[in-house]
Structure formats: C-alpha cells, structure tokens
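**Q** I would like the atomic coordinates for the input below:
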Amino acid sequence: MKSTQQIKSMKSRQKIAMLTAYDFPTAKLMDGIVDVILVGDSLGMVVLGYENTTKVTMDDMLRATSAVARGSKNTLIVGDMPFGTYDNENDALKNARLFIEAGAHAVKVEKKPEIAGFLAKNGIEVMGHIGLTPQSITTFKVQGKDRESADKIFEEAIALDKAGCFSLVLECVPLTLAKAITEKISIPTIGIGAGIHCDGQVLVTNDILGLYGDFKPKFLKRYAEIGNEMKKAFEDYAKEVREERFPADGHSFH
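**A** Presented below is the predicted three-dimensional model:
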C-alpha cells in the first residue's frame, strides 16, 4: 500500500492517479491500479440521488469507507469528511478518527487550514481541497478567473500546505493558476478540471464509466459507457423472462 509519504514523494516525479469508490466490488477492481482511492461525498449525488453533497451523513460515509477498505488492500484510501462534520476542532477530530477506524488512511477537508492543521497535529493525515468546493459552492462554475479570487485560492493553497496537508485537490480552476500553485507549494496537487500542470488527477468513477446520466463537464473524459451496457443487460433479461426463455433447462436443478 502506498503511504501518504510516498504520495508526497511523487510530486514532480510521477503523476498521481486517483479515483472515487463507494463499494467493495469497485474498490477491489481498482485496487493496486490507482495510487489513491477517494471515498468521496460525491456518493450523495452519484449513488444516493441527492441534488448535492450537503445531505451526506457520517453514517453514509463510514459504511462506504468500510466497504472500500474491505475491497482495497494495496491502495491509499482517503475518506471525504462530509458537510458539517468538521466545523470545530472537537467534531473534526472525533469524526476523522471514525474514518480511520472504518479503514481510511487519511481524510479530506475543504478549505479550513486551521482544522487541517489541528488534525495533522493529532496524527491524522489530511488532504486539502480548494477551488470549487461542493460543500459550499453548489453551482458548477470555474473558480479563480479574476485576480481577487485567484489570489484568495493561491493563499488558501499556501495555508493548507503550511498546515501539514500531504496533498491538495484543486477543482475547476484555470490551468495557469493550478500551475502557479503546483510550483509554489511543497505538496502534490491533484487536479479535477485544473489542467495538465497538476501533480496528479482525480475523477468520479461513475462519471468516467457513464453511470451518472448526462453529466459531462468539459474536464470529464468518458472511458466507457457501462451505463448503456447495464441497461441493455436489464432489457435482455426482462425480455427473456417474459418470453419464457430464461431460465432454460440448463439453469435448473435436477
């Protein structure tokens, strides 16, 4: 299994591949292939059907994290701290420890360098997240396109680096800003809609497999259309049952 230190050492040396997983079979399939598995709060939208991530609970996340941990033995697992679970130091530490007990090796927080620093000082490995942060910005829009907002994101990156994060997700920011941040901070940047200059990349697995409807932002690449294949399998099964072609004699016990 890759450690957080190994992930840090990959900066400027080898690109980091990260994907999301929320269940045992998916984690088992990607185990050892990607460098990091993120048990993302995107689970709320792509698995549970919520409009955004803010309704995801600790119970949702811990159940998913435990399932992923049972399927993945060779990949670093990061648990996404859900909305409202790290508003203060006590809650943050209590909930982060629950993630570790569930099988995660680290947690991810959006912004909040003071919370990230507190967790790091208490032995919790932390991945930061800035730019488009879905827990506070629910409208899809590129961040940091003007000087003022770009400077703010740049300062957040430096603060999270100093706080002791082992890596930093940059979501939906201009590639020039991502490049400047990547060159400035000491920890790896992992981009999603942040261009080619980041130290690694992350996408939502359900998106790259075509399992999440018509969601096709500019930064997304579809690597398969599993959703279409699943729908066809369901249609074929239902048709054969109705036409009494399944089960056949070979599927019966004698």
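
**Q** low-confidence regions, the chain specifically.
**A** Where the chain drops to pLDDT under 70, the residues are 137-139.

**Q** can you list the domains in it?
**A** Domain segmentation of the chain under automatic domain parsing yields 4-223, 226-254.

**Q** hey, which of those domains is tucked in deepest?
**A** Stretch with highest mean neighbour count among these: domain 4-223 (a mean of 19; mean count of other C-beta atoms under 10 Å). Backbone N, C-alpha and C define where each C-beta goes, glycine included.

**Q** and that domain, how far out from the chain middle?
**A** With C-alpha atoms, centre = their mean, to the nearest Å as the basis, domain 4-223 stands 5 Å off its chain's centre.

**Q** end-to-end on it?
**A** End-to-end distance for domain 4-223: 27 Å, by C-alpha to C-alpha, to the nearest Å.

**Q** what does stretch 241-250 give?
**A** 15 Å.

**Q** gap between I190 and D146?
**A** For I190, the distance to D146 equals 24 Å [C-beta to C-beta, to the nearest Å].

**Q** now swap in P25 and tell me
**A** Noted for P25: a distance of 44 Å to D146, by C-beta to C-beta.

**Q** repeat that for A64.
**A** Distance, A64 to D146, using C-beta to C-beta: 37 Å.

**Q** can you tell me the SS state at E155?
**A** For E155, the assignment made with DSSP: H, G, I helix; E, B strand; the rest coil gives helix.

**Q** residues contacting the closest residue to T65 other than its chain neighbours?
**A** Ranked by C-beta to C-beta, 6 or more residues apart in numbering and with sequence neighbours excluded, the top spatial neighbour of T65 is A102, at 4.2 Å. By C-beta atoms under 8 Å, 6 or more residues apart in numbering, the contact list for A102 reads 62, 65-66, 69, 79.

**Q** how about 10 Å then?
**A** For A102, the contact set (C-beta atoms under 10 Å, 6 or more residues apart in numbering) comprises 39, 58, 61-69, 77, 79.

**Q** what does V126 give?
**A** Shown in contact with V126 (C-beta under 10 Å, 6+ apart): 4, 78, 81, 92, 96, 106-109, 112-113, 115-120, 160, 163-168.

**Q** now, those residues that are in strands?
**A** Secondary structure from DSSP state E places 78, 106-109, 167-168 of those in strands.

**Q** spatially, which two of those are the most separated?
**A** Spatial extent of those (C-beta to C-beta) is set by the pair V107 and L168 at 13.6 Å.

**Q** which neighbours do those two share?
**A** Contacts common to V107 and L168, judged by C-beta under 10 Å, 6+ apart, are 116, 126-127.

**Q** distance to K232 for those - can I get that in TSV?
**A** Output for those, formatted as TSV (distance: C-beta to C-beta, whole Å):
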residue	distance to K232
A116	45
V126	43
M127	37
